[in-house]
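Novice: Here you go, sequence then predicted model.
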Amino acid sequence: MAKGKVRSYDEERGFGFIRSPEASDDVFFHFKDVVGGEDGDFDGATVEFTLTEGERGPKASNVKIEARRSGGAPAAERRPAQSSSNRPVSLREFRREVTEILLSVDGIQSSQIRTVRDYLSDYGLDRGFVVEDTRR
């Protein structure tokens, strides 16, 4: 069984992608491949799955949700990070803060910091709690 983390999930369409060290590309999965037919937001969930090769690349089957996003609270109870004024945070400030947090993780490499920071920045931009910088 392979392990990974759900990078993105489209609830409306019922499919998503898993990032796994066992695959060179993101691994596609469909809701029907989730064991137990769990419903909800899979983004960030840790999963175990059977890795196969589909028509368009790596595909997951027998997907078992091991843990939802870290932090313990169900997705519906979590609120996006925002500045104290409840306005979106600038991309520049968000990336700086994320970098500082990741630098406190023992053994993390700079390439890993960049990768995580980029994914989190994209997530924040997509969700609207991070905005592009207007000044240069």
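Specialist: In hand now; what should we look at?

Novice: can we go C-alpha only for contacts and neighbour counts from here?
Specialist: Fine.

Novice: What's the biggest helix in the protein, counting residues?
Specialist: Longest helix in the chain by number of residues (criterion: DSSP state H): helix 110-127.

Novice: Neighbouring strands - and their directions - for the helix or strand following that helix?
Specialist: Next along the chain after helix 110-127, taking DSSP states H and E as the criterion, comes strand 130-131. Using DSSP bridges, the strands paired with strand 130-131 are strand 89-90 (parallel).

Novice: hey, C-alpha coordinates of the next helix or strand after the strand it pairs with in PDB?
Specialist: Reading on from strand 89-90 to the C-terminus, the next helix or strand found by DSSP H and E is helix 91-103. What follows is helix 91-103, C-alpha atoms only, in PDB (Å, rounded to 0.1, in the frame of the first residue of the first chain):
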ATOM      1  CA  LEU A  91       1.100  37.000  -0.800                       C
ATOM      2  CA  ARG A  92       4.500  38.400   0.100                       C
ATOM      3  CA  GLU A  93       3.700  38.500   3.900                       C
ATOM      4  CA  PHE A  94       2.100  35.000   3.800                       C
ATOM      5  CA  ARG A  95       5.100  33.500   2.100                       C
ATOM      6  CA  ARG A  96       7.500  35.100   4.600                       C
ATOM      7  CA  GLU A  97       5.400  33.800   7.600                       C
ATOM      8  CA  VAL A  98       5.100  30.300   6.100                       C
ATOM      9  CA  THR A  99       8.900  30.300   5.500                       C
ATOM     10  CA  GLU A 100       9.600  31.300   9.100                       C
ATOM     11  CA  ILE A 101       7.300  28.500  10.400                       C
ATOM     12  CA  LEU A 102       8.900  25.900   8.200                       C
ATOM     13  CA  LEU A 103      12.400  26.900   9.200                       C
END
